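# build the 3D model from these lines:
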Amino acid sequence: MTMVLMIIFAFDPALHHHLEYMVPVAVLLFASNNKRSRLMLSILLDPIVNDLVQLEHGMRVLTIDRVILFKAHCLLATGDTLAAADLLGHLGHLSLYPCRICIVPATRVGQASRLGGCHGIFLGLDELHVLGQNVGKLIIKILCEESSGNLQTTGNIFSLDDDVWDNIGWDLNASLGTFSDSGVFDIRLLFPTSSNEALRGVDILGLVKHLLPAFVVPQIRRLDARDSLQALNRVFQIAGLCKISEHHLTQLDRDVHCWMDFFQNEVDAHALPVSVFTPTMHQLYHLAQAVHALGPPFAYSCRSRDDDCGVQTERYNSAA
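Numbering: from 1, shown residues only. This next block holds a predicted model:
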């Protein structure tokens with residue numbers, strides 16, 4: 001299912017992702033992961049982009065006593081990596097230049113380039129996909145020593161013995177009863193295992209933000225590895241704030257470099273494969289830049305799309 005939603009930025013950032021504050025534009029019963037479906041999506045987006053281009057020049061509303069002038073600007077678009085590449089005319093994360101934010105040679109012109117607000121981070125770094133479904137999921141695979149394609153993680157620096165994982169599982173189960181009904185968490189706090197393929201992006205965000213620092217980090221033997229995981233945890237925590245200050249951005253940038261430098265040292269020492277440096281992992285370097293340009297990632301998160309997907313799927317499958 002492919003959804004096109006409009007989010008109104010005049011509302012409080014904490015409310016942007018709520019269904020009642022969004023304007024559903026289209027619900028398409030296909031995924032934009034092949035040439036034909038991408039063409040259909042392009043046909044749908046063409047008139048929307050045309051309208052936005054006209055609205056950038058302004059419109060006049062005549063009332064009884066005055067003329068009111070309005071302008072509307074599309075500040076950003078967001079979505080998963082594949083959808084972002086299609087909209088920008090980018091060849092994708094497997095191309096020669098996999099980062100859609102870095103300035104690189106290009107010849108394809110995307111639809112969004114016609115909009116005045118289009119820039120390098122017009123498609124914001126969505127917390128749900130960049131942090132949740134990509135970086136967060138990669139960390140779980142490394143912790144659980146699960147191989148993924150060319151990524152071989154057996155015996156890595158974050159590896160824990162089975163009895164340690166058993167103790168973490170007991171501690172987690174003993175703790176769940178103290179906050180499962182508190183209403184504080186809107187996620188499923190599950191034990192991090194390689195079988196958690198069905199975890200939603202928000203669940204992975206919660207796992208990295210809440211469970212890893214409490215249960216996993218204290219068990220890591222090497223101090224530098226422990227510090228790097230704590231730095232990544234702070235990146236997730238800061239990126240999830242509704243308001244991010246300059247102090248937060250300084251800390252965010254420092255923590256990203258701490259995390260990436262540690263990984264680089266491990267790769268140089270042949271302790272981890274170079275494939276841990278995925279295009280999405282590289283995008284962490286652009287996170288502070290994206291916040292400067294677009295505001296907190298929580299404000300333009302794809303949580304809204306995931307929530308609405310559930311609602312629309314239920315309606316589509318309903319006999320009524």
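# where do the strands sit along the chain?
Taking DSSP state E as the criterion, the chain carries its strands at 2-7, 22-28, 59-62, 67-70.
# using PDB, list the CA coordinates for the last one.
Output of strand 67-70 as PDB, limited to C-alpha atoms (Å, rounded to 0.1, in the frame of the first residue of the first chain):
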ATOM      1  CA  VAL A  67      -8.500  41.100  -0.400                       C
ATOM      2  CA  ILE A  68      -6.500  38.500   1.400                       C
ATOM      3  CA  LEU A  69      -3.300  37.200  -0.200                       C
ATOM      4  CA  PHE A  70      -2.100  33.700   0.600                       C
END
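# partner strands of it, with direction?
Applying DSSP bridges to the sheet, strand 67-70 is found paired with strand 59-62 (antiparallel).
# okay if I get the strands of the chain as a markdown table plus mean pLDDT, mean neighbour count and distance to residue 276?
For every residue, glycine as well, the C-beta is placed using N, CA and C. Converted to a markdown table, the strands of the chain look like this (pLDDT from 0 to 100; neighbours: other CB atoms under 10 Å; distance: least, CB to CB, whole Å):
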| stretch | mean pLDDT | mean neighbour count | distance to residue 276 |
| --- | --- | --- | --- |
| strand 2-7 | 71 | 18 | 30 |
| strand 22-28 | 72 | 14 | 35 |
| strand 59-62 | 83 | 9 | 50 |
| strand 67-70 | 84 | 9 | 48 |
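# so which of these is nearest residue 233?
Smallest distance to residue 233 across the strands of the chain (CB to CB): 27.6 Å, for strand 2-7.
# ok, back up a step: adding distance to residue 242, write the strands of the chain out as CSV.
As requested, the strands of the chain are exported to CSV (distance: least, CB to CB, whole Å):
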stretch, distance to residue 242
strand 2-7, 14
strand 22-28, 17
strand 59-62, 31
strand 67-70, 27
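# which one of these lies closest to residue 76?
Of these, nearest to residue 76 by CB to CB is strand 2-7, at 9.2 Å.
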